[in-house]
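Structure of the sequence below:
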Amino acid sequence: LIDKFEILAEKIVVAPIYLDFSLLGVSLPIKPGLDLLKPFIFLTVARLSKEKNLPMVLRAFAKLRQDSRGAVLRVAGEGKERKNLEGLARKLKVQDKVEFLGWLNKEALYSEYRIADCFLLASDFEGWGLAPLEAAYFGLPLVMTDVGVCGEIFQPKNDALCSAPRDEQKFLVNMRRVFSDQELREQLGRNAQAALTKLPTREQTMELYKKAWFIST
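As a prediction, the model looks like this:
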């Protein structure tokens, strides 16, 4: 904005999208200990469109399954790419370990967050990204590409395991680390939850909008 359009820096206000966590309507879950009878659940929540790069998630998951049998992938969301993604899952021979859940209402989606063990986001780009914030609220460790809230809200290595967009090998490495290391999972989940305190309150968000309105006039 400054370099290309020559907008003065003092005319720019950055206001994060406000997410009212009280509207989630549930208390934070108590994460159970390791349940050997329960599969490890990777969860991704996204519109099924090309920029979300869900084929990378499926390929990485298929590779992880080659030496880590106790994992499943649940995909919440709907979109034009669903048939292609279902076909890819069959091609990779993981169709019985991947469940496409379609669009979910809030209650069903929050139930998915509660039972999941790790949240995945593989987008090529994100304007912001509410799903990682919701996942962090539920204490999930985050494996994601370096887009949207990664770097702004969640610090790489500390609050989330981040990799460059389309770096499939690094994304897989991060999935394997979270899958195999319970202590790391718990620490990342706690850190991600704590990182949410960086978000402005409703009142602070409204003040940012007011500021943007007045400096633009």
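
What is the neighbour count of Ser180?
Ser180 has 12 neighbouring residues, counting by other CB atoms under 10 Å. Bear in mind the C-beta positions are built from the backbone N, C-alpha and C, glycine included.

was I right about it contacting Ser68?
Yes. The criterion here is CB atoms under 8 Å, and Ser180 meets it with Ser68 at 7.3 Å.

okay, and the common contacts of those two?
Counting by CB atoms under 8 Å, 6 or more residues apart in numbering, no residue touches both Ser180 and Ser68.

Leu54: what's it in contact with?
By CB under 8 Å, 6+ apart, Leu54 lies in contact with 44, 46, 48, 75, 81, 85, 122.

try Ala9
Applying CB under 8 Å, 6+ apart, we find Ala9 in contact with Ile2.

next one: Pro16
Per CB under 8 Å, 6+ apart, neighbours of Pro16: 128, 152-153, 199-200, 205.

Among those, give me the pair with the biggest separation.
Taking CB to CB as the measure, these span a maximum distance of 14.8 Å, between Glu152 and Thr205.

So these two - more neighbours on which side?
Neighbours were counted for Glu152 and for Thr205 using other CB under 10 Å; Thr205 has more, 17 against 13.

List the residues that contact that one.
Neighbour list for Thr205: 15-16, 18 [criterion: CB under 8 Å, 6+ apart].

from those residues, which is closest to Ile215?
Distance to Ile215 across the contacts of Thr205 (CB to CB) is lowest for Ala15, with 12.2 Å.

Just confirm that closest one contacts Tyr209, I think it does.
Yes. With contact defined as CB under 8 Å, Ala15 counts as touching Tyr209 (5.9 Å).

Walking through the protein, point out its helices one by one.
Using DSSP state H, the helices of the chain run over residues 2-5, 54-67, 82-91, 106-115, 130-137, 168-180, 182-195, 202-215.

Alright, I will stop here.
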